[in-house]
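Colleague: Got a predicted model here, sequence first, then my questions.
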Amino acid sequence: MKAGPEKELAERYFERLARSGGAVGLEFAGVREILESRARTADARRREEAQKLQDAAQDALLVLLDEHGKNLPSQELASSLAGFRDSGTRHLVFAIGGPDGHDEMLKRAAGLSLSFGAQTWPHQLVRVMLAEQLYRAVTILSGHPYHRE
């Protein structure tokens, strides 16, 4: 992600997540970017990007950000994260789809698919929204008043 206000805002929420997540058993390990494929066709790009994501996720539960995913309220996202934690899932990888979306094989392999609505969002904004929602989930689980119903 290029320097700019979106990157700064995402980093601010990731820093908050890193500082407060451990108290509720959700530790933030960082952001890893996978370069967009330069393959000639959309199918080939999706397949190549899916392979890179699977290699990066290995033993983690994969959570896809996808327009066809579940549109969960913040409270339900927090509950889902707590459920993964409580069931012994140690690692989660959140993957924002490329311009061509996610490969169908990757969608089938995902433990959860989330949507931030039916609109198409720029990757920079999705990263900010994801960072904020992960931080919000931690505050919900800790009983912090950041989230108000």
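Modeller: Now that the structure is in, tell me what you want to look at.
Colleague: The residue located most distally from the centre of the chain: helix or strand, and which one exactly?
Modeller: Relative to the centre of the chain, and counting by C-alpha atoms, centre = their mean, the farthest-placed residue is Arg40 at 26.8 Å. For Arg40, there is no enclosing helix or strand under DSSP states H and E.
Colleague: per-residue confidence for it?
Modeller: Arg40 is assigned 94 on the pLDDT scale.
Colleague: list the helices and strands the longest helix along the chain packs on?
Modeller: Longest helix of the chain, by residue count under DSSP state H: helix 123-142. When contacts are defined as 3 or more C-beta pairs under 8 Å, 6 or more residues apart in numbering; DSSP states H and E, helix 123-142 packs onto helix 5-20, helix 74-86, strand 92-96. C-beta: built from backbone N, CA, C; applies to glycine.
Colleague: switch to 10 Å and redo it
Modeller: Helix 123-142 sits against helix 5-20, strand 61-70, helix 74-86, strand 92-96, with contacts defined as 3 or more C-beta pairs under 10 Å, 6 or more residues apart in numbering; DSSP states H and E.
Colleague: The first one packs against which elements?
Modeller: The contact analysis (3+ C-beta pairs under 10 Å, 6+ apart) places helix 5-20 against helix 123-142.
Colleague: tell me which residues in the helix it packs on are buried?
Modeller: 123-124, 126-141 (16 or more other C-beta atoms under 10 Å).
Colleague: Start and end of stretch 95-103, how far apart?
Modeller: 12 Å (C-alpha to C-alpha, to the nearest Å).
Colleague: could you give the mean pLDDT of that stretch?
Modeller: The model assigns stretch 95-103 a mean pLDDT of 90.
Colleague: Okay, angle between the longest helix of the chain and strand 61-70 too, please.
Modeller: Orientation check (axes from the mean of the first three to the mean of the last three C-alpha atoms, to 10 degrees): helix 123-142 against strand 61-70 gives 110 degrees.
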